[in-house]
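> Okay, here's the prediction I keep looking at, along with the sequence it came from:
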Amino acid sequence: MQATITETNAANVPTSFAEIGGRQLAYREIGRGPPLILCLRFRGVLDSWDPAFLDALASSFRVLTFDYSGLGQSSGTASYQAEEMARDVIDLADALGLDRFAVGGWSLGGMAAQLAAFMAPNRITHAVLIGTKPPGAVEFPPEPVFLEHALKPDYDLDDEIVLFFEPVSSASRAAAAASHERIAGRRGDRSPPISQETYLNLLQDRVADDRFAADEDCRSFLARTDIPILVISGDHEIVFPAGNWFACSREWQSLHLLVLPRMGHGPQHEAPELVADIIASFVRNRSRSFGAL
């Protein structure tokens, strides 16, 4: 009898571990093509990504996801300071021998991605930022409803609809249910959720010393860099409203801003194939000149 070959995808790919500076970073990779390292949101672990989004990206990229130091399956000291999360990105790239790579990030991870570009400008080919904000002061704060749901010990589907989708849209609510089922579909080898004590402590430390909110050096760098930057936002972004990018779109020379209608904080989970196709097209059609560096 011929053995059945199981295709590796986001729902079944095993977790690997990179030894870096006395700690282990848990990561997974699927697909072939230019490397794309993705940074997680607040409270996110490896299993917080929608597998349909990762699988769609994997048709164009070598997709790498990971748990931040001290969270999920990774060891080390946990931090929600953007520069510490960005250091994980660069360290993972070093461990895997990646000289140049694209970096992406969702929400808090979008801040890490921006800092990674600032910290390793000669290595970043593209930056893809989903549902996040630029460095420095911003005009539009999160909606109060965000913290009402984001700080609960456990999310249920209703919380996810509010946090990541557009509650007034029946299509968005249906997309939320489908995404929820896909995320729950992985069996075994799952990263443990972050405890309430841990994420509250990390959030408290960040609020007390939010260096990203005052990082004008990073903002100035991103305004003048030739790294192609893609920002994807829902038009009802309750955490980091898209309006915070409007001034940047007039100032940053390589910024591309896309606002998707009737979507919330997780457009890549609502429309995974669409967002993956947009990212792939962006990377194919926008490039930088490393010769000038």
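All right, it came through fine.
> For the residue lying closest to L96 once chain neighbours are set aside, give the beta-bridge partners.
Spatial nearest neighbour of L96, excluding adjacent residues (C-beta to C-beta, 6 or more residues apart in numbering): A18 at 6.7 Å. Any C-beta I mention is one placed from the backbone N, CA and C, and that applies to glycine too. Note on A18: beta-bridge partners L25, judged by DSSP bridges.
> State the number of residues packed around A18.
Look at A18: counted by other C-beta atoms under 10 Å, it has 18 neighbours.
> From S281, how far out is it?
30 Å (C-beta to C-beta, to the nearest Å).
> what sits against the residue nearest to L96?
Counting by C-beta atoms under 8 Å, 6 or more residues apart in numbering, A18 makes contact with 24-25, 27, 91-92, 95-96.
> could you measure it against V138, distance?
With C-beta to C-beta as the criterion, A18 and V138 are 34 Å apart.
> first to last residue in stretch 213-228, what's the distance?
Distance between the two ends of stretch 213-228: 22 Å, counting by C-alpha to C-alpha, to the nearest Å.
> Buried residues of it, list them for me.
In terms of neighbour count (16 or more other C-beta atoms under 10 Å), stretch 213-228 has its buried residues at 215, 218-219, 221-222, 225, 227-228.
> Which ones among these map onto strands?
When DSSP state E is applied, the buried residues of stretch 213-228 are split such that none fall in strands.
> any chance of the residues you listed in TSV, plus distance to I37 and pLDDT?
Output for these, formatted as TSV (distance: C-beta to C-beta, whole Å; pLDDT from 0 to 100):
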residue	distance to I37	pLDDT
D215	21	94
C218	18	97
R219	22	97
F221	19	98
L222	18	98
T225	18	97
I227	14	97
P228	16	98
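> re earlier: which of the contacts of A18 has the most neighbours?
L25 (25 neighbours).
> mind listing what that residue touches?
17-18, 66-67, 69, 74, 76, 88, 91-92, 95.
> Find me the pLDDT at it, would you?
Here, the pLDDT recorded for L25 equals 98.
> just to revisit the earlier point, turn the contacts of A18 into TSV, including secondary structure and distance to A102.
Formatted as TSV, those follow (DSSP: H, G, I helix; E, B strand; the rest coil; distance: C-beta to C-beta, whole Å):
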residue	secondary structure	distance to A102
Q24	strand	24
L25	strand	18
Y27	strand	16
D91	helix	17
L92	helix	13
A95	helix	17
L96	coil	14
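> Reformat these as CSV; add distance to A56.
Converted to CSV, the contacts of A18 look like this (distance: C-beta to C-beta, whole Å):
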residue, distance to A56
Q24, 29
L25, 24
Y27, 19
D91, 27
L92, 22
A95, 26
L96, 22
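> Return the closest of those residues with respect to G33.
G33 has its nearest neighbour among these in L96, at 14.6 Å by C-beta to C-beta.
> Show me the helices in this structure, by range?
Along the chain, the stretches classed as helices by DSSP state H are 51-58, 82-95, 108-119, 144-150, 157-164, 170-184, 196-208, 216-224, 246-251, 267-270, 272-285.
> Just say which of the ones you listed is most tucked in.
helix 267-270 (a mean of 29; mean count of other C-beta atoms under 10 Å).
> So what pairs up with L258 in the strands?
The partner residues for L258, given DSSP bridges, come to I232.
> Could you measure from it over to K152?
L258 is 30 Å from K152, by C-beta to C-beta.
> Likewise for A137?
Where K152 is concerned, A137 sits at a distance of 29 Å (C-beta to C-beta).
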